[in-house]
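K.L.:
Below are the sequence and a predicted model; questions follow.
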Amino acid sequence: MPEEAKITWGNILDYIKERINVQSFNTWFGSSQGVELKGDVLLVEFPNGFFIDWIQEHYYTVLEEAVQHMNGNKLRLAFKALKQEGDRPRRKKKRIILSHDGTRLQERFSFESFVVGKNNEFAHAAALAVAEAPGEAYNPLFLYGGVGLGKTHLMQAIGNFIYRQYKNLRVYYTPAENIMTELIDAIQKNQQMEFKRKYRTKEVLLIDDIQFLYGKERLQEEIFHTFNFLYSQGKQVVITSDRPPKEILTLEERLRSRFQGGLVVDLQIPDLETRIAILHKKAEAENVSIPSNVAYYIASRVKSNIRELEGCLIRLLALASLSGQDVTEQLADEILKDLIGKGSKITKQMILRNVIDEFGFSEAELKGKKRTQKLALARQTSMYLLRTHLSLSLAEIGDFFGGKDHSTVIHAIDKIEHLKKTDLEYFQRFERITSKITS
Ligand code: ADP
Ligand code: MG
């Protein structure tokens, strides 16, 4: 029923349109079309496969929300590319991206698609061990590392592996933030029992980005009990975070020691060879090959975030395919300028200068010992920006500010995270500084 398909997809688009910026909406969804509704599967067409990749990477959550908002989980989305890209014909298979089989896993995050390098070999080995013997190898497995370094990928690879290998095990993936929302909801509706049952009946529970628990005692309590329950039953728990348990200051001590009782492993920034290998792997998954010099060109410029690395490649391939151009360094250069702006050239001094512009202190004051409220805020903002834009270690940041302790840096990062969410005025200042640094 093409008409019905159009209407259904139209409703989903309306939902999304209100939630993402107009330009992105037009670029990525403007040329999509609902073409067929068969049973509970809605088939949507996009100009080519890169659109589908981009959308999966960036708009998965909002799509999922839109579907839930419309009819509570009944609908599944399948995406199809109108044009086959690459020299070899693309797999004919339509890709079902929202499979509500209850796991919330995305199939593309697998061990097969994960490139192992020096930066992640230990984490990879641990993840594989857990996947092969859930509940027996390491429990919990705690993966940590900076933004875009593969935590979610590795965690979901465990889930997908187990899901395929052991059909009878109930696997469930969830961002910690969602548990929070569900808990609040359950309390309001007086459905705590359902909430408990939902989490305690899983054999494998994957909780992503646990940093969202910072300072949320009730939720920590709930997770602690859930974890203990699952653990005592020999069930597997995997957790990710942007930092190790010992650096989560507001984490309840018993929860922290629980986390440390398993295996704690980190993911580091990949070296150049690994970044190049990731680009080739990604291109291969798209059935295209990219010239080595272009892979080198991109990999040597996008260093600290694999999501951005892939983002550059996908944009590059999309642009080349749409405009019929070859994949060259020049084209890559345009994309890089567009995508990360001066991003690759952000320096410590640049961050400091912009904070100074905004707050009006001197560099010596920022690095000094004095602690008025305003000065502390400027200092904390700088620390936060150094951490998020340059992925400096806590110790490096401490040193840069005249030998401050790493717990001071952690405190600064938590504080700014919190302020950004709760203080509009601060948020605006923060955005002002960020846009100057990145534009
Ligand atoms: P994080 O959760 O740490 O922020 P993700 O797991 O979401 O990061 O990874 C960001 C992107 O980079 C994803 O598309 C993921 O597939 C990709 N990625 C990360 N690490 C690797 C790797 N080692 N090999 C292949 N792709 C990777
Ligand atoms: Mg993640």
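P.N.:
Looks like it arrived, so ask away. What you see is a predicted model; the values in this text were computed from it and never measured. Ligands and ions are numbered 1, 2, ... in the order given.
K.L.:
Would you list the phi and psi of the residue of the chain found nearest ligand 1?
P.N.:
Using CB to the nearest ligand atom, the closest approach of the chain to ligand 1 is made by Gly150 at 2.7 Å. C-beta here means a position set from N, CA and C on the backbone, and glycine is covered the same way. When read as degrees, to the nearest 10, the backbone of Gly150 gives phi 110, psi 10.
K.L.:
thinking it is in contact with Asn120, fair?
P.N.:
Yes: look at Gly150 against Asn120 with CB atoms under 8 Å: they come within range, at 6.1 Å.
K.L.:
Around ligand 2, pick out the residues from this structure.
P.N.:
151-152 (CB under 5 Å from the ion).
K.L.:
the residue most distant from the middle of the chain, which is it?
P.N.:
The centre of the chain is farthest from one residue, Lys370, which by CA atoms, centre = their mean lies 36.9 Å away.
K.L.:
Can you classify that residue as helix, strand or coil?
P.N.:
Recorded secondary structure, Lys370: coil (DSSP: H, G, I helix; E, B strand; the rest coil).
K.L.:
so who does it touch?
P.N.:
Contacts for Lys370 (CB atoms under 8 Å, 6 or more residues apart in numbering) come out as none.
K.L.:
If we use 10 Å, what do you get?
P.N.:
By CB atoms under 10 Å, 6 or more residues apart in numbering, the residues touching Lys370 are 361, 364, 376, 379.
K.L.:
and the two most separated of those?
P.N.:
Maximum pairwise distance among the contacts of Lys370 (CB to CB): 15.3 Å, between Ala364 and Ala376.
K.L.:
ok so, going back, give me the number of residues near the residue of the chain closest to ligand 1?
P.N.:
Gly150 sits with 25 neighbouring residues when counted by other CB atoms under 10 Å.
K.L.:
Contact partners for it?
P.N.:
109, 114-115, 117, 119-120, 123-124, 127, 143, 157, 240, 267, 270, 278, 306-307.
K.L.:
Can you sort out which of these also neighbour ligand 1?
P.N.:
Counting by CB under 6 Å from any ligand atom, 114-115, 120, 278, 306-307 from the contacts of Gly150 sit close to ligand 1.
K.L.:
how long is stretch 416-432 from one end to the other?
P.N.:
15 Å (CA to CA, to the nearest Å).
K.L.:
Show me which positions of that stretch end up buried.
P.N.:
By 16 or more other CB atoms under 10 Å, the buried positions in stretch 416-432 come out as 416-417, 419-420, 426, 429-430.
K.L.:
I'd assumed Leu205 was in contact with Thr174.
P.N.:
Yes: assessed by CB atoms under 10 Å, Thr174 is found in contact with Leu205 at 7.9 Å.
K.L.:
Comparing the two, which residue is more hemmed in?
P.N.:
The residue with more neighbours, out of Thr174 and Leu205, is Leu205; 25 against 18, by other CB under 10 Å.
K.L.:
That one: helix or strand, and which one exactly?
P.N.:
Using DSSP states H and E, the element containing Leu205 is strand 204-208.
K.L.:
is that strand up against ligand 1 anywhere?
P.N.:
No: shown here: strand 204-208 not in contact with ligand 1 (CB under 6 Å from any ligand atom), separated by at least 7.0 Å.
K.L.:
where does Thr240 land in three-state SS?
P.N.:
On the basis of three-state DSSP, Thr240 is classed as strand.
K.L.:
returning to that earlier point: please tell me which one of the contacts of Lys370 counts the most neighbours.
P.N.:
Neighbour-wise, the contacts of Lys370 (other CB under 10 Å) top out at Arg379, 24 neighbours.
K.L.:
In three-state terms, label that one for me.
P.N.:
What three-state DSSP gives for Arg379 is helix.
K.L.:
Residue numbering should commence at 53 henceforth.
P.N.:
Right, with 53 as the first residue, what we last looked at is Arg431.
K.L.:
Tell me the residue of this structure that sits nearest ligand 2?
P.N.:
Nearest residue of the chain to ligand 2: Thr204, at 3.2 Å (CB to the ion).
K.L.:
Report how many residues lie close to that residue.
P.N.:
Per other CB under 10 Å, the neighbour tally for Thr204 reads 19.
K.L.:
what about the longest helix in this protein?
P.N.:
Ranked by residue count and defined by DSSP state H, the top helix of the chain is helix 101-123.
K.L.:
If you count neighbours, what's buried in whichever helix or strand comes after it?
P.N.:
Sequence-wise, the next helix or strand downstream of helix 101-123 (DSSP H and E) is strand 128-135. Neighbour-count burial for strand 128-135, with 16+ other CB under 10 Å as criterion, is recorded at 128-133.
K.L.:
which one of the residues you listed sits closest to Ala384?
P.N.:
For the buried residues of strand 128-135, the nearest to Ala384 is Ala133 (22.5 Å; CB to CB).
K.L.:
how many neighbours does the residue nearest to that closest one when sequence neighbours are not counted have?
P.N.:
Distances taken as CB to CB, 6 or more residues apart in numbering put Gly101 closest to Ala133, at 4.3 Å, once the chain neighbours are dropped. Neighbour count of Gly101, defined by other CB under 10 Å: 27.
K.L.:
Just say helix, strand or coil for Leu95.
P.N.:
Under three-state DSSP, Leu95 comes out as strand.
K.L.:
Tell me which stretches of the stretch 253-402 of the chain form helices.
P.N.:
Here the stretch 253-402 of the chain has its helices, by DSSP state H, counting those that start in this stretch, at 269-284, 305-312, 324-337, 344-351, 358-375, 381-392, 400-411.
K.L.:
same deal with the stretch 103-252 of the chain?
P.N.:
Counting by DSSP H, counting those that start in this stretch, one finds helices in the stretch 103-252 of the chain at the ranges 173-184, 203-217, 228-240, 244-252.
K.L.:
Glu269 and Glu304 touch, don't they?
P.N.:
Yes: Glu269 is in contact with Glu304 according to CB under 10 Å; the separation is 7.1 Å.
K.L.:
Give me the more crowded residue out of these two.
P.N.:
Per other CB under 10 Å, whichever of Glu269 and Glu304 has more neighbours is Glu304, with 15 against 10.
K.L.:
residues touching the more buried one, list them.
P.N.:
265, 269, 272-273, 275-276, 310.
K.L.:
Lowest-confidence entry in these?
P.N.:
Scanning those for pLDDT, the low point is Leu265. It has 78.
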